[in-house]
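Engineer: here you go, sequence then predicted model.
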Amino acid sequence: MALNRTDVERIAHLARLEVGEQELAAYAETLSRILGLIEQMNAIDTDGIAPMAHPLDAGLRLRADEVTERDQRERFQAIAPSAQAGLYLVPKVIE
Amino acid sequence: MHRKSVAELSKALNKKDISSCELTSVYLDRIQAHSELNAFITVDRERALKQAQEADARLKAGTGTALTGIPIAQKDIFCTDGMLTTCASRMLANFVAPYDATVIRKFGEAGSVLLGKTNMDEFAMGSSNETSFFGPVRNPWDRRCVPGGSSGGSAAAVAARLAVAATGTDTGGSIRQPAALTGITGLKPSYGRVSRYGMIAFASSLDQAGPMTRSAEDAALLLNVMAGFDPLDSTSVDRPVPDYASTLDRPLTGLRIGLPQEYFGEGLGTGVAVAIESALEEFRKLGAKILEVSLPNSSLAIPCYYVLAPAEASSNLARYDGVRYGYRAPEYEDLWEMYAKSRAQGFGAEVKRRIMIGTYALSAGYYDAYYLKAQKLRRLISSDFDRAFEVCDVIMGPAAPSTAFELGSKTDDPVAMYLSDIYTISVNLAGLPGMSIPAGFDSNGRPIGLQIIGKYFDEARLLNVAHKFQQATDWHLRVPEGF
């Protein structure tokens, strides 16, 4: 399936990626080529085949509900782009 | 000293013929002298020498392991406490990890020395090491060429003898393809064999870490340390770990080698085909039997992978939002812009393409046509291997369709680049172990890799098969000129 500029804008929005006006055409072209490769999948009938999510078809393990983490807030926040008084700072969301 | 293997150095260290401090200095100097290869992103001389001192003390006390004092390079995808861990991305160019990946912890406990963190494709997305924010790595066999990717820095470092051994990760071929292109030994273990904890996620149902070394024997010694159950990785498999070094010498008499006809068709370079044929002849001499097998859905592996891997990546990389760590754009008006600009500026072109493909494949209305369809094909590809392994013990073929290609020759065409992994991707989809070992050179003197694929958790057999081949040949001992 060939993507157009509007498709690219929509996907970029969903992916939270800023894409400039001048990049839209190039993205549409490259992503369409990749989708062309992907669509070779349609050559094969997969009706009735069980989808495979994990190589060993294993489910996720459960564990006891115990506290295993220790408090490392200061360490973790030391590498944050902007933190103050134990909080991560971002632009104002609620007026 | 820099030509010696892990096994040889381990003996020398334990007999106190050399010290880890001396050995580590030799390698640190080599890394500096060959910085033009761009194999490393971070080298911490002080930290390495301190670890070497500790290793020497441990060796003196007689409590060393096979890897105590051995200088190793780690792919810059493993979180390393207190050290820059970038994943070769601008997004993490300032990220000092606050904890150790399980792989890093295990090498630390074994007493090995961390020389530095190796260059790679950004977030492990690439087959040439050209998507790195820190610039491409050069192939020590021919500096005009790429070393392959995504573990290109580790591959170049081992090939150029800038580290005794290294680690890599393999989502679609990222250990085996660069191992092939640089003439070293690379092993991708079965999915679940090595913990993924602290290994920066690309496609979680495919990612697996493994050793990149000069020989199968060295790979066995590293895998002994890396493998094992880890409660911190929800997909880690709880199975006993054998001593991989103890079964290396088993005779290959009666070994059944399956040759998938699909791996020898159109697109395979002539030089590669000839080298693989000679390698098979060597295995016949070692007593193995060769038979044809079929993996009929092989051609679907690349389309299937380029749905699943980007879909999982788009989800995994959603965490990079400029809030808690990593890159944040300098200017933005509101929260929305902060996300979109930080991600647009922090990620490189290939990463953004894959995030967009994955986002599209998972978006409302397209899930069944792409993601579900790909998961069904994954089942078919995996079942092909099950059937083949009913009649053979290992599968062999080329690791890559061509030898190392020139820098820049495929960067404008992502689809052409994706085809570099045509023989490796299906192994990740099935979750099987796979190896690449040196098997010759093409007419330009560029290395060729033989791929060996095994049954689930049959790493010991792969290493045994590779070791016997390396006892009978000397391809793995060849070193590029000037190194």
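Structural biologist: Great, that's in hand. Numbers count the residues shown, from 1 in each chain, chains lettered A, B, ... in the order given.

Engineer: break down the stretch 301-450 of chain B into its strands, ranges please.
Structural biologist: B:394-398, B:434-441, B:447-453 (DSSP state E, counting those that start in this stretch).

Engineer: any residue of the longest one touching chain A?
Structural biologist: Read it as strand B:434-441. No. Applying CB under 8 Å from any CB of the partner chain, one finds strand B:434-441 out of contact with chain A, separated by at least 12.5 Å. (Glycine included, C-beta is placed from N, CA and C.)

Engineer: what stretches of the stretch 51-200 of chain B score poorly on pLDDT?
Structural biologist: Across the stretch 51-200 of chain B, nothing is flagged by pLDDT under 70.

Engineer: ok, whichever residue of it sits closest to chain A - contacts?
Structural biologist: At 4.3 Å from chain A, B:Y191 is the closest residue in the stretch 51-200 of chain B, using CB to the nearest CB. With contacts defined as CB atoms under 8 Å, 6 or more residues apart in numbering or on different chains, the neighbours of B:Y191 are A:H54, A:P55, A:L56, B:S205, B:L206, B:Q208, B:T235, B:V237, B:N428, B:G431.

Engineer: so for the chain, the centremost residue is which one?
Structural biologist: You didn't pick a chain, so chain A it is. In chain A, the centroid-proximal residue (CA atoms, centre = their mean) is A:A15; its distance is 6.5 Å.

Engineer: could you do chain B instead?
Structural biologist: Taking CA atoms, centre = their mean, the centroid of chain B lies closest to B:I175, which sits 2.3 Å from it.

Engineer: if I look at the residue nearest to the centre of chain A, how far off is B:R354?
Structural biologist: 10 Å (CB to CB, to the nearest Å).

Engineer: what sits in contact with each of these two?
Structural biologist: With CB under 8 Å, 6+ apart, A:A15 and B:R354 have common neighbours B:S314.

Engineer: centre of the chain to the worst-scoring helix or strand of chain A on mean pLDDT, how far?
Structural biologist: In chain A, no helix or strand scores lower on mean pLDDT, DSSP states H and E than helix A:73-77, which sits at a mean of 94. Put simply, helix A:73-77 sits 25 Å off its chain's centre (CA atoms, centre = their mean, to the nearest Å).

Engineer: now that helix: buried residues?
Structural biologist: Buried positions in helix A:73-77, judged by neighbour count with 16 or more other CB atoms under 10 Å in any protein chain shown: A:Q77.

Engineer: stretch B:260-270 now?
Structural biologist: Buried, per 16+ other CB under 10 Å, within stretch B:260-270: B:P260, B:E262, B:Y263, B:F264, B:L268.

Engineer: the second one against B:S294, yeah?
Structural biologist: Yes. Applying CB atoms under 8 Å as the test, B:E262 and B:S294 come out as touching, 6.9 Å apart.

Engineer: which parts of chain A are strands?
Structural biologist: Assigned by DSSP state E, the strands in chain A fall at A:83-84, A:87-88.

Engineer: so what strands line up beside the first one?
Structural biologist: Translated: strand A:83-84. The partner list of strand A:83-84 in its sheet, established with DSSP bridges, is strand A:87-88 (antiparallel).

Engineer: touching the strand it pairs with from outside, list them.
Structural biologist: With contact meaning CB under 8 Å, 6+ apart, strand A:87-88 is reached by A:Q77, A:A80, A:S82, B:V323, B:R324.

Engineer: state the mean pLDDT of stretch B:241-252.
Structural biologist: Throughout stretch B:241-252, pLDDT has a mean value of 98.

Engineer: for that stretch, measure first residue to last.
Structural biologist: End-to-end distance for stretch B:241-252, by CA to CA, to the nearest Å: 22 Å.

Engineer: most neighbours, which of the contacts of B:Y191?
Structural biologist: Comparing the contacts of B:Y191 by number of neighbours (other CB atoms under 10 Å in any protein chain shown), B:N428 comes first, having 30 neighbours.

Engineer: skipping adjacent residues, who's closest to that residue in space?
Structural biologist: B:L206 (4.5 Å; CB to CB, 6 or more residues apart in numbering or on different chains).

Engineer: residues in contact with the one you found?
Structural biologist: With the criterion set at CB under 8 Å, 6+ apart, B:L206 makes contact with B:T171, B:G172, B:Y191, B:Y305, B:L308, B:A309, B:E312, B:N428, B:L429.

Engineer: burial measure for the closest residue to the fourth one other than its chain neighbours, as a count.
Structural biologist: Distances taken as CB to CB, 6+ apart place B:I425 nearest to B:Y305, at 4.6 Å, with adjacent residues excluded. Burial of B:I425, expressed as a neighbour count using other CB under 10 Å, amounts to 26.

Engineer: what residues does B:I425 make contact with?
Structural biologist: Applying CB under 8 Å, 6+ apart, we find B:I425 in contact with B:G172, B:G173, B:A301, B:I302, B:Y305.

Engineer: ditto for B:Y360
Structural biologist: Applying CB under 8 Å, 6+ apart, the residues contacting B:Y360 are A:L3, A:D7, A:I11, A:L31, A:L35, B:Y366, B:Y370.

Engineer: select only the buried ones of these in ChimeraX?
Structural biologist: Selection command for ChimeraX covering only the buried members of those, criterion 16+ other CB under 10 Å:
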select /A:3,7,11,31,35 /B:370
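
Engineer: most widely separated two among the contacts of B:Y360?
Structural biologist: Largest separation among those by CB to CB: A:D7 and B:Y370, giving 14.0 Å.

Engineer: what segments of chain A are helices?
Structural biologist: A:5-14, A:24-38, A:73-77 (DSSP state H).

Engineer: do the shortest one and chain B meet at all?
Structural biologist: In other words, helix A:73-77. Yes. Helix A:73-77 is in contact with chain B by CB under 8 Å from any CB, via A:R75, A:F76.

Engineer: burial count for B:D238?
Structural biologist: Residues near B:D238, counting by other CB under 10 Å, number 10.

Engineer: ok, now the one 3 residues further on?
Structural biologist: B:V241 sits with 17 neighbouring residues when counted by other CB under 10 Å.

Engineer: excluding chain neighbours, what is closest to the residue of chain A found nearest chain B?
Structural biologist: Residue nearest to chain B within chain A: A:P55 (2.2 Å; CB to the nearest CB). With CB to CB, 6+ apart as the criterion, A:P55 has its nearest non-adjacent residue at 2.2 Å, and that residue is B:G431.

Engineer: next one: B:C392
Structural biologist: Spatial nearest neighbour of B:C392, excluding adjacent residues (CB to CB, 6+ apart): B:G258 at 3.3 Å.

Engineer: for the closest residue to chain A within chain B, what are phi and psi?
Structural biologist: Nearest to chain A in chain B, going by CB to the nearest CB, is B:G431, at a distance of 2.2 Å. When read as degrees, to the nearest 10, the backbone of B:G431 gives phi 80, psi 10.

Engineer: what sits against it?
Structural biologist: A:H54, A:P55, A:L56, B:S190, B:Y191, B:G192, B:S382, B:Y456.

Engineer: same question, B:R3
Structural biologist: Applying CB under 8 Å, 6+ apart, one finds that B:R3 lies in contact with B:R161, B:V479.

Engineer: look at it and tell me its secondary structure.
Structural biologist: coil (DSSP: H, G, I helix; E, B strand; the rest coil).

Engineer: how much space between it and B:M435?
Structural biologist: Taking CB to CB as the measure, B:R3 falls 22 Å from B:M435.

Engineer: which parts of the stretch 201-350 of chain B sit against chain A?
Structural biologist: Close to chain A, as judged by CB under 8 Å from any CB, the stretch 201-350 of chain B has residues B:205, B:231, B:234-235, B:237, B:297, B:299-300, B:302-304, B:306-307, B:314, B:318, B:321-328, B:332-341, B:343-344, B:347.
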